[in-house]
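Engineer: please work out how this folds:
(one chain, ligands or ions: 1)
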Amino acid sequence: MPLRIAIDGPAGVGKSTLAARLATAFGLPKLDTGAIYRTLALAAERAGVSWDDGPALAELAAHLPIRFAGGTGRAGTTVLLGNEDVSAAIRTPEMSRGSSLVSRHAPVRAALLPLQRALAAGGAVAEGRDIGTVVLPDAEVKIFLVASPRERARRRRLELREKGLERALEDVLAEQDARDERDSTREASPLRAAADAITIDTDGLTLEEVVQRVLALVAERTGLRPR
Ligand code: DC
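Structural biologist: This is a model prediction of the structure:
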């Protein structure tokens, strides 16, 4: 039975970092589903398709030539659109907003579901907003990460700074609030903890402490330990 770990939570809560650590620990691919919505937002912008046009976006999503390279456990997974490396282009504040806008359309979500399930079929650490509720409802382990908005904005700002993007904390916080509000109030699979998810509040916890908690949970649920 392949191991599937679902990690959901709001923007900037540390899903990717945790997913990368777990993927490395278990030798599983890390599936960043947010990267798929980000790539769709980028492809739409280039094709002149509005982020408000659900049907046209769904059509684009159904044929999205997206691939992940260097996928196993590395934090810096490469995302390819056709043959182009778009890993950096999809991580801008504009594409954070665009991905949140394109992801609210139900037909878009439906079009991207088979791709996500296929990518996780052999086992994966998958992160996003609806992994435990919709994409992998029978995942062996489901984690829902939470942290205070200000702490998440502070982390996001540091991430942006590392990429040479200097932003005021209040701006990052305002954009994050808008995105959280949209992601958690939309009708189509909103951000929500699955009934059987374990919620971890990461405020005041180190990454190492969070990793150890999840490893203990995986061992308890499945008997599996890091290799
Ligand atoms: O995880 P992220 O910040 O890269 O995701 C970007 C956007 O994509 C997020 O604001 C909402 C959307 N998303 C989603 O609706 N469902 C997912 N499983 C993952 C992301």
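Engineer: for this structure, what lies in contact range of the ligand?
Structural biologist: 11, 33-34, 37-38, 99-100, 103, 128-131, 179, 183 (Cβ under 6 Å from any ligand atom). The C-beta positions use only the backbone N, C-alpha and C, and glycine is treated the same way.
Engineer: 8 Å instead, please
Structural biologist: 8, 11-12, 15-16, 32-38, 96, 99-100, 102-104, 109, 116, 127-131, 135, 179, 182-183, 186, 189, 191 (Cβ under 8 Å from any ligand atom).
Engineer: so which of those residues are in helices?
Structural biologist: 15-16, 33-38, 96, 99-100, 102, 109, 116, 179, 182-183 (DSSP state H).
Engineer: are we agreed that residue 55 is in a helix?
Structural biologist: Yes - the assignment for residue 55 is a helix, going by DSSP: H, G, I helix; E, B strand; the rest coil.
Engineer: ok, residue 113 to the ligand distance?
Structural biologist: 10 Å (Cβ to the nearest ligand atom, to the nearest Å).
Engineer: brain fart, residue 175
Structural biologist: Relative to the ligand, residue 175 is positioned 10 Å away (criterion: Cβ to the nearest ligand atom).
Engineer: swap in residue 193?
Structural biologist: Between residue 193 and the ligand the computed distance is 13 Å (Cβ to the nearest ligand atom).
Engineer: so what's that residue closest to, chain neighbours aside?
Structural biologist: residue 144 (3.8 Å; Cβ to Cβ, 6 or more residues apart in numbering).
Engineer: phi, psi of residue 65?
Structural biologist: Per-residue torsions, residue 65: phi -80, psi 70 (degrees, to the nearest 10).
Engineer: my guess is it meets residue 81, correct?
Structural biologist: Yes - under the criterion of Cβ atoms under 8 Å, residue 65 makes contact with residue 81 at 6.4 Å.
Engineer: correct me, but residue 96 touches residue 175?
Structural biologist: Yes - contact criterion Cβ under 8 Å: residue 96 and residue 175 qualify, at 6.9 Å.
Engineer: and those two? which has more neighbours close in?
Structural biologist: More crowded of residue 96 and residue 175, by other Cβ atoms under 10 Å: residue 96, with 24 against 18.
Engineer: pLDDT at that one, what is it?
Structural biologist: Looking at residue 96, its pLDDT reads 93.
Engineer: what's next to stretch 94-103, contact-wise?
Structural biologist: Contacting residues not belonging to stretch 94-103 are listed as 11, 34, 37-38, 40-42, 44-45, 51-52, 57, 89-90, 108-109, 129, 175, 178-179, 182-183, 186 [Cβ atoms under 8 Å, 6 or more residues apart in numbering].
Engineer: of those, buried ones?
Structural biologist: For the contacts of stretch 94-103, a burial check counting by 16 or more other Cβ atoms under 10 Å picks out 11, 34, 37-38, 40-42, 44-45, 51, 57, 89-90, 108-109, 129, 175, 179, 182-183, 186.
Engineer: nearest residue to the middle of the chain?
Structural biologist: residue 128 (3.2 Å; Cα atoms, centre = their mean).
Engineer: for it, what are its contacts?
Structural biologist: Residue 128 neighbours (Cβ under 8 Å, 6+ apart): 7-8, 15, 32-34, 135.
Engineer: dump the residues you listed to CSV, plus pLDDT.
Structural biologist: Shown next, in CSV, are those (pLDDT from 0 to 100):
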residue, pLDDT
7, 98
8, 98
15, 94
32, 95
33, 96
34, 96
135, 98
